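In: need a structure here:
(chains A and B)
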Amino acid sequence: EDQVTQSPEALRLQEGESSSLNCSYTVSGLRGLFWYRQDPGKGPEFLFTLYSAGEEKEKERLKATLTKKESFLHITAPKPEDSATYLCAVPIYQTGANNLFFGTGTRLTVIP
Amino acid sequence: DSGVTQTPKHLITATGQRVTLRCSPRSGDLSVYWYQQSLDQGLQFLIQYYNGEERAKGNILERFSAQQFPDLHSELNLSSLELGDSALYFCASSVGSGVGQPQHFGDGTRLSIL
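Out: Model prediction:
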C-alpha cells in the first residue's frame, strides 16, 4: 500500500539551530515528491518538487534532497518566521490524474 | 498569494443542510483539485477536474459533488451535512493534469457544522 510517513511530528529549534525533517515513502513508481509549507489558517504553500533520487533543490534556508526511499528537508540557521507545518506529498497515480497523498506533517517551531 | 481564490472563507451551518464552496484557479491553470483537511485525517484528496471534465475521485462521499464550469471555476457541493463534515476544504490548481505537476492551493473554506 502506498504510504508517506513524516518525522518527527513536532520539532522545536532555537533560532540558528540547523536540523532536518524526514519524509519516508513507499509508492510503486515515484512520479515526484512535493514539499509544502502550511501556516495556521492558510493553504499549503508549494516549496519544491523532486523527481529523481539524488536531486537537490534549495530556497533560502531550505534544502530538499531525495533518495529512493526518503526525502529530507534541511533547515539551515532557521529564523522564527520559518515556524510552520511542513508537509510532503506524492502523486497517487491514476489514469489521467495527479492527486496527491500527503503525510501528516512536521510542526516546526523556531524560538528566538 | 498563490492566485487560487476560495469563497467563502468561513461557513457555519446546521446538520442536514446543503452548502456550496467556490474556487477560482490560477490564471492559465486547467486542473482543479479539492481536498479536505480535518484534525484527525490530515489532507485528503476528494476529486479532480481538468478543463471541465472529472479526472479522478478520491475519498469523496456520495453526499458530495463537484463540477468545473466553462470559465474553469469550480464548485464543491456538500449536502445532508453531518457533524463530521466540519473541516477545512481546500482547492488547488495546476496547469495540466499530468502526474507530477505542482499544485497551488487556496486558503480554504472553514466549514463548521453545528
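
In: now A:Glu81: phi and psi?
Out: phi -70, psi -10 (degrees, to the nearest 10).

In: tell me what the nearest residue to it once chain neighbours are set aside is bridged to.
Out: Using C-beta to C-beta, 6 or more residues apart in numbering or on different chains and skipping residues adjacent in sequence, the residue nearest A:Glu81 is A:Val110, 7.8 Å away. C-beta coordinates here come from the backbone N, C-alpha and C atoms, glycine included. Here A:Val110 sits in beta bridges with A:Leu13, going by DSSP bridges.

In: what count of nearby residues applies to A:Val110?
Out: Using other C-beta atoms under 10 Å in any protein chain shown, A:Val110 has 21 neighbouring residues.

In: partners of the host helix or strand of A:Thr49, with directions?
Out: Taking DSSP states H and E as the criterion, A:Thr49 maps to strand A:45-50. Partners of strand A:45-50 in the sheet, by DSSP bridges, are strand A:33-38 (antiparallel).

In: contact partners of the strand it pairs with?
Out: By C-beta atoms under 8 Å, 6 or more residues apart in numbering or on different chains, the residues outside strand A:33-38 that reach it are A:23, A:25, A:44-51, A:64, A:66, A:71, A:73, A:84-90, A:100, A:105, B:102-103, B:105.

In: related to what we said a few turns ago, for the residue nearest to A:Glu81, give me its contacts.
Out: Contacts of A:Val110 (C-beta under 8 Å, 6+ apart): A:12-15, A:78-83.

In: now with 10 Å?
Out: A:11-17, A:19, A:75, A:77-84 (C-beta atoms under 10 Å, 6 or more residues apart in numbering or on different chains).

In: which ChimeraX command selects the buried ones in those residues?
Out: In ChimeraX, this line selects whichever of the contacts of A:Val110 come out buried by 16 or more other C-beta atoms under 10 Å in any protein chain shown:
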select /A:11,13,19,75,78,82,83,84
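
In: which members of the contacts of A:Val110 occur in strands, if any?
Out: A:11-14, A:19, A:75, A:84 (DSSP state E).

In: could you dump those residues to TSV with distance to B:Phe64 and pLDDT?
Out: TSV is the format used below for those (distance: C-beta to C-beta, whole Å; pLDDT from 0 to 100):
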residue	distance to B:Phe64	pLDDT
A:Leu11	35	98
A:Arg12	38	98
A:Leu13	39	97
A:Gln14	44	97
A:Ser19	39	98
A:Ile75	37	97
A:Ala84	29	97
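
In: farthest pair within the residues you listed?
Out: A:Gln14 and A:Ala84 (16.6 Å; C-beta to C-beta).

In: quick one: A:Phe48 and A:Phe72 touch, right?
Out: No - with contact defined as C-beta atoms under 10 Å, A:Phe48 does not count as touching A:Phe72 (11.3 Å).

In: the more surrounded of those two?
Out: Ranked by neighbour count (other C-beta under 10 Å), A:Phe48 and A:Phe72 place A:Phe48 first, with 22 against 16.

In: can you tell me which residues contact the more buried one?
Out: By C-beta under 10 Å, 6+ apart, the neighbours of A:Phe48 are A:33-36, A:55-59, A:62-66, A:71, A:73, A:88, B:102.

In: in the sheet, who's paired with it?
Out: Where A:Phe48 sits in a bridge, its partners, by DSSP bridges, are A:Trp35.
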